[in-house]
Each structure stands twice: as structure tokens, then as C-alpha cells.
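Chemist: No sequence on hand, only this structure:
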């Protein structure tokens, strides 16, 4: 997998097509990439390791890139195990190397591993630099993007930003797919709660002259960087990316599904630019969360269930609130045979969400669609279009 990024920077990461659920919950049909890089200079620095299942392959890639030389530094930007798992294995092969990290990095490292007593450490502070010769690395702390110890690294010689989990995406590098879709799902699933912290990092990065972004997941970004940065600015500020309506529904006997599909058809008839719909019980929850953040309008349609809401809708709402959902218009469709409660429950769950505009009317279905609820759906379509 050795790939030249610049004249002195080589990619030594791996592709994982064995993983089915990333972090135990995110479906990754096209696998994952665990990225690692080596900077070849008077002093040689390795940027992060890879998942524990790929120790041999990664060390082989590193050996090939070194061409008989030995690394001076291992820079640890993020301690999540898919990036840090091979620190001790690296030191078994290259015991003279110095491990570079911040104070929080080493605290976590000691929690994860039994470290060699003679391990060489370089504890860096925010903004501190390390010279490799021609290449000077500056460490920029990025706490809670998305762990507290995270830092990114800027190489001023080749204008490269090693961005840790920032600008990452699902999918292995030997599979071609649209960047934005899987990067959006990755961001809102994993980083989305920490929009303010991501925005702070973007402000720091704005002061750097960046030509290349090297993330720990997904492809190296070299062209049209403004496109990727603009998306990250929107995502981190909770700004809708696109005009459109996302309809998320759960349905027990099909009546709420019918209402959701009827609303979709009405919106399309009325010229709404984009309408997306998802059955939360059957479709990927992370995809649904992604679409909820992508569009500026959201409709939630669900049944009353045990005087609450259907479990898959509860899970969906929890995902939104955990990630600070805001700056959206939301409409509700509730169904209940004797005591419709869904709208009240959802509003209560989302009362801490900021800058939410509730679209009227709330459409209440009592068992099945009738003339009054069909009329209410049409009125709601007019309010949403």
C-alpha cells in the first residue's frame, strides 16, 4: 500500500474488509481504511499506527518505506485503538524511537498498554514544533474532536495537515465511492456531538497554508480543498447542507407508513426540491441521522407505543439530541388508536435542542387515515414546501 503523498511523505496504511460494524455499530459495507504515514527526512517520523488486526501488514509497509533506515519518532495523534493499537509492537521493532504525544496521550497510553520501562517520550504542548530537518512539524491540539487527547500535526515544508479523525470517512481506499456521503455519515455518527470543538479546530486551520489533508480514515485530500472545508464548516456549525425534507417514520400496521408516503407525494407535487424518506425499523439508523442533519426540514411520523413512542423512533430522537440537533424546522405526524401521545413525547425529548421551529399543524391520525387527517397532511405539505 506504499503510496507517495509528497516527495518525502509516504502512505503506509491498510484496508480492512473484514470489519462489519465500525466501533461496534456503524455498518461499513465497503470496509475501512486505517491510515498511517511516514515522513522521510534527516529525522524520520511515523504518523500513528493502525488497528491490531493488521500489525504485520503495517510493519511490512513501514519497513518497505524506510528502505533500511530506522524511524526516530512515532507521533501519536489519537489514542483510539484503531490508530494506537500497535505502539508497543512498533517499539519492539524500533526500541530506539521516541514516542511523541501530549500529556493526555501518555495518560491514556498507560491505561491501554504495559509500556516498556525504557520507552523514550517527548511530551509536546499546543503549538510546539519538532524539526525533522527540512520538515518542521507543529502540533495543534484539537480536544474533543472527538477524544480529549486529540491533536493534529502541520508540516510547513509540504503544507500538509495530518488531521487525525477530522475529514475522515467510512470505506476502504481500494473502493471507489462518493466522498461526501460516507464522510457525512462518519462525521455525524462519530464527531457530530462536538461541533463547537470542530469549529474551533477549523478556525486554527484557517491560519495555516494547507495543500494536502491526510486523515486517519479515508482518502488523502489534495484537490478542491475548499469543498471539503466548506462541508466541515456547515456540519460543525449545524448549518443545513441542502434544502429539502427528510421524512423519518415508524409504522406497526402500515397506516403511519401510508401517511409518510402520502406526505412525500404531496411535497413532490408541490415542487419541494428534495424529499427523502426512511423506515427507521428497516434502514440504517446512521444513514437516517445523516439525512436529518443534511436537510433543513425534518418530519417525524410515528405511533404511540406504551404511552410513549415506537422504540426505533426513540432511538432516532436520542441520536439527534445527543448530537446537538438544531437550526431546523420539524413537523410531526402521530398515530394512536385511543390516546395519541407521540407528538408530546417527541417535543419533550427535544426541548433542549436549540433553534428548532415546530411546523404546524401536528397531524394526528386515529388508527387509519381519514378525511380530516388527509386534509391535515395537505395543510402540512403547504407549510413545509
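Modeler: Arrived safely. What you see is a predicted model, and the numbers here were worked out from it, not measured in a lab. Numbering: from 1, shown residues only.

Chemist: For residue 61, which non-adjacent residue is closest in space?
Modeler: Leaving aside its sequence neighbours, residue 61 sits nearest to residue 12 (C-beta to C-beta, 6 or more residues apart in numbering; 3.9 Å). Quick note: C-beta positions are derived from backbone N, CA and C, even for glycine.

Chemist: Report the contact partners of that neighbour.
Modeler: Contact analysis of residue 12 by C-beta atoms under 8 Å, 6 or more residues apart in numbering lists 1-2, 36-38, 46, 58, 61-62, 64-65.

Chemist: do residue 8 as well
Modeler: 39-41, 134-135, 157-158 are the contacts of residue 8 under C-beta under 8 Å, 6+ apart.

Chemist: got the phi/psi numbers for it?
Modeler: Backbone torsions for residue 8, taken as degrees, to the nearest 10, come to phi -120, psi -10.

Chemist: ok, it to residue 241 distance?
Modeler: Counting by C-beta to C-beta, to the nearest Å, the gap from residue 8 to residue 241 is 36 Å.

Chemist: For residue 57, which non-adjacent residue is closest in space?
Modeler: residue 14 is the one closest to residue 57 (C-beta to C-beta, 6+ apart), at 5.2 Å.

Chemist: and the one you found, how many residues sit next to it?
Modeler: Residue 14 has 22 neighbours, counted by other C-beta atoms under 10 Å.

Chemist: Also the one 10 residues further on?
Modeler: Burial measure for residue 24: 6 neighbouring residues, criterion other C-beta under 10 Å.

Chemist: In terms of pLDDT, where does it sit?
Modeler: Looking at residue 24, its pLDDT reads 93.

Chemist: Okay, domains of this structure per the record?
Modeler: 3-236, 242-384 (automatic domain parsing).

Chemist: Name the SS class of the nearest residue to residue 128 once chain neighbours are set aside, please.
Modeler: Distance criterion C-beta to C-beta, 6+ apart; nearest residue to residue 128, sequence neighbours excluded, is residue 139 at 5.6 Å. Look at residue 139: counting by DSSP: H, G, I helix; E, B strand; the rest coil, its state is strand.

Chemist: Point out where the stretch 201-350 of the chain drops to low pLDDT.
Modeler: Scanning the stretch 201-350 of the chain for pLDDT under 70 picks out no residues.

Chemist: Name the surrounding residues that touch stretch 257-272.
Modeler: 244-245, 247, 249, 251, 275, 277, 279, 299, 301, 333, 335, 363, 365, 369, 373-374, 377-378, 380-382, 384-385.

Chemist: re the thing from before, quick check: the residue nearest to residue 128 vs residue 352, distance?
Modeler: Residue 139 is 35 Å from residue 352, by C-beta to C-beta.

Chemist: From the contacts of stretch 257-272, which land in helices?
Modeler: Among those, the residues falling in helices (DSSP state H) are 373-374, 377-378, 380-382, 384.

Chemist: Would you mind writing the PyMOL command to select the buried ones in these?
Modeler: Only the buried entries of the ones in helices among the contacts of stretch 257-272 go into this PyMOL selection, using 16 or more other C-beta atoms under 10 Å:
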select buried, resi 373+377+378+380+381+384
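
Chemist: Now flag whichever of the ones in helices among the contacts of stretch 257-272 is closest to residue 180.
Modeler: For the ones in helices among the contacts of stretch 257-272, the closest approach to residue 180 (C-beta to C-beta) belongs to residue 384, at 24.4 Å.

Chemist: isn't that closest one right up against residue 295?
Modeler: No. Counting by C-beta atoms under 8 Å, residue 384 stays clear of residue 295, with 10.9 Å between them.

Chemist: any residues in contact with both of those two?
Modeler: What both residue 384 and residue 295 touch, as defined by C-beta under 8 Å, 6+ apart, is the set residue 245.

Chemist: sorry, back to before: which members of the contacts of residue 8 are positioned in strands?
Modeler: Members of those lying in strands (criterion: DSSP state E): residue 39.

Chemist: got a winner among the contacts of residue 8 for most neighbours?
Modeler: Neighbour-wise, those (other C-beta under 10 Å) top out at residue 39, 29 neighbours.

Chemist: Number of residues surrounding residue 329?
Modeler: Count around residue 329 with other C-beta under 10 Å applied: 17.

Chemist: thinking again about what came up before, in terms of packing, which of residue 139 and residue 352 has more residues around it?
Modeler: Higher neighbour count among residue 139 and residue 352: residue 139, with 22 against 10, using other C-beta under 10 Å.

Chemist: could you list every residue that touches that one?
Modeler: Contacts of residue 139 (C-beta under 8 Å, 6+ apart): 100, 102, 124-130, 151-153.

Chemist: Please list only the buried members of those residues.
Modeler: 100, 102, 124, 128, 130, 151-153.

Chemist: In CSV, list those along with distance to residue 348, secondary structure and pLDDT.
Modeler: Below are the buried ones among the contacts of residue 139 laid out as CSV (distance: C-beta to C-beta, whole Å; DSSP: H, G, I helix; E, B strand; the rest coil; pLDDT from 0 to 100):
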residue, distance to residue 348, secondary structure, pLDDT
100, 48, strand, 98
102, 41, coil, 98
124, 46, coil, 98
128, 47, coil, 97
130, 51, strand, 98
151, 39, strand, 98
152, 39, strand, 98
153, 44, strand, 98
